[in-house]
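[1] predicted structure and sequence below. I'll ask about it afterward.
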Amino acid sequence: METFLFYLCGGLMLGAAAMTVVSRSAVAAAVWLVFSFVCAAGIFALLAAPFLAILQILIYAGAIMVLFLFVIMMLQGPVLPAETARLVAWRKALLTLPAAAVAVILIGWAAQGREAAFGETPVTGTPAAVAELLLNRYLLAFELISIVLLVAIVGAVALGRRQEVQP
Amino acid sequence: MNVGLTHYLALAAALFLVGMTGVLVRRNSLIMFMSIEIMLSAANIVFAAYSRLHGDLAGHVFVLMVFAVAAAEAAIGLAILVEIYRLRRTVNVDDLNTLME
């Protein structure tokens, strides 16, 4: 059952990610990306991380993708015709082939002779268990990431403020 | 064959490559941004998989950190894109070559 769910979620996620990359329209790409993130939530659930699965949907598929779609809708109209002229730089795509080879070799090397099977009883990442770590051992990181978010908010507001265009 | 760490690592590597291809190949900066999100997602899967292997929830904490960084990156990056669009009327990276001319 777990194997079936892994291949289902993983295959759908990979397919949706590939569709994101090859979509002509940015709106279609964003919708495929949402689908891919929902499948990622399924992968997290398989990895005994229900809290992450919920947050993946709330933050990624919800908040971040709404931001993306908002900006796409704002810019889309005049942008699309120019893109159909030259969709991709195909020669650069060949660069990914050696990268794929390196990835396969590294995974094979890392998997060699290691204990790669998961334990029988997983430590479930419930909200309570994750919060216990987050607010005790990793409190400093938690506070620092909140500063990162604050700076990002201020920066986005400062960048997005409509300025007078000089002639 | 039971699903183990290797399966998740292979999935993450494939996702990362798909994202990398997107950044290299696409000319629309919005879709390049989405490809970066795919790569971050791949890294999250590796974190969660090793967390499952070691029975340690620290990996989950750092996935939360990646979520926050991804949100910050999307907010700032999209704000910059909107600003570029206002000035140059394009989001195609091939047209943004002022420094090359």
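    Nice, thanks for sending it over.

[2] and residue 70, how many neighbours?
    Answering for chain A, as no chain was given. Residue neighbour count, defined by other CB atoms under 10 Å in any protein chain shown, stands at 12 for A:F70. All C-beta spots, glycine's among them, are computed from the backbone N, C-alpha and C.

[3] not quite, go with chain B.
    Neighbourhood size, B:A70 [other CB under 10 Å]: 19.

[4] state the pLDDT value of it.
    At B:A70, the model reports a pLDDT of 92.

[5] contact partners for it?
    Contacts of B:A70 were listed using CB atoms under 8 Å, 6 or more residues apart in numbering or on different chains, and they are A:59-60, A:64, B:37, B:40.

[6] most neighbours among those, which one is it?
    In the contacts of B:A70, the most neighbours by other CB under 10 Å go to A:Y60, 25 neighbours.

[7] distance of that residue relative to chain B?
    The gap separating A:Y60 from chain B is 7 Å, by CB to the nearest CB, to the nearest Å.

[8] nearest spatial neighbour of that residue, skipping sequence neighbours?
    In this structure, A:Y60 finds its nearest non-sequential neighbour in A:F37, 4.4 Å apart by CB to CB, 6 or more residues apart in numbering or on different chains.

[9] and A:R161, backbone torsions?
    A:R161 adopts backbone torsions of phi -60, psi 130, taken as degrees, to the nearest 10.

[10] could I get the contacting residues of the residue nearest the centre of chain A?
    In chain A, the C-alpha nearest the mean C-alpha coordinate belongs to A:F37, at 6.4 Å (CA atoms, centre = their mean). Residues in contact with A:F37, defined by CB under 8 Å, 6+ apart, are A:56-57, A:60-61, A:65, B:41.

[11] got CSV for these, with distance to A:A26 and secondary structure too?
    Output for those, formatted as CSV (distance: CB to CB, whole Å; DSSP: H, G, I helix; E, B strand; the rest coil):
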residue, distance to A:A26, secondary structure
A:Q56, 22, helix
A:I57, 22, helix
A:Y60, 17, helix
A:A61, 17, helix
A:M65, 12, helix
B:S41, 18, helix
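
[12] just these now: which is nearest A:L150?
    Nearest to A:L150 among those is A:Y60, at 20.4 Å by CB to CB.

[13] hang on, the earlier thing: what secondary structure does the residue nearest to A:Y60 sit in?
    What DSSP: H, G, I helix; E, B strand; the rest coil gives for A:F37 is helix.

[14] and B:D56, that's in a strand?
    No. Assessed with three-state DSSP, B:D56 is coil; it does not lie in a strand.

[15] not counting sequence-adjacent ones, nearest residue to it?
    Here the nearest residue to B:D56 in space, its sequence neighbours aside, is A:V123; by CB to CB, 6+ apart that works out to 7.2 Å.

[16] now do the contacts for the one you found.
    Here A:V123 is in contact with A:48, A:129, B:52, B:55-57 (CB under 8 Å, 6+ apart).
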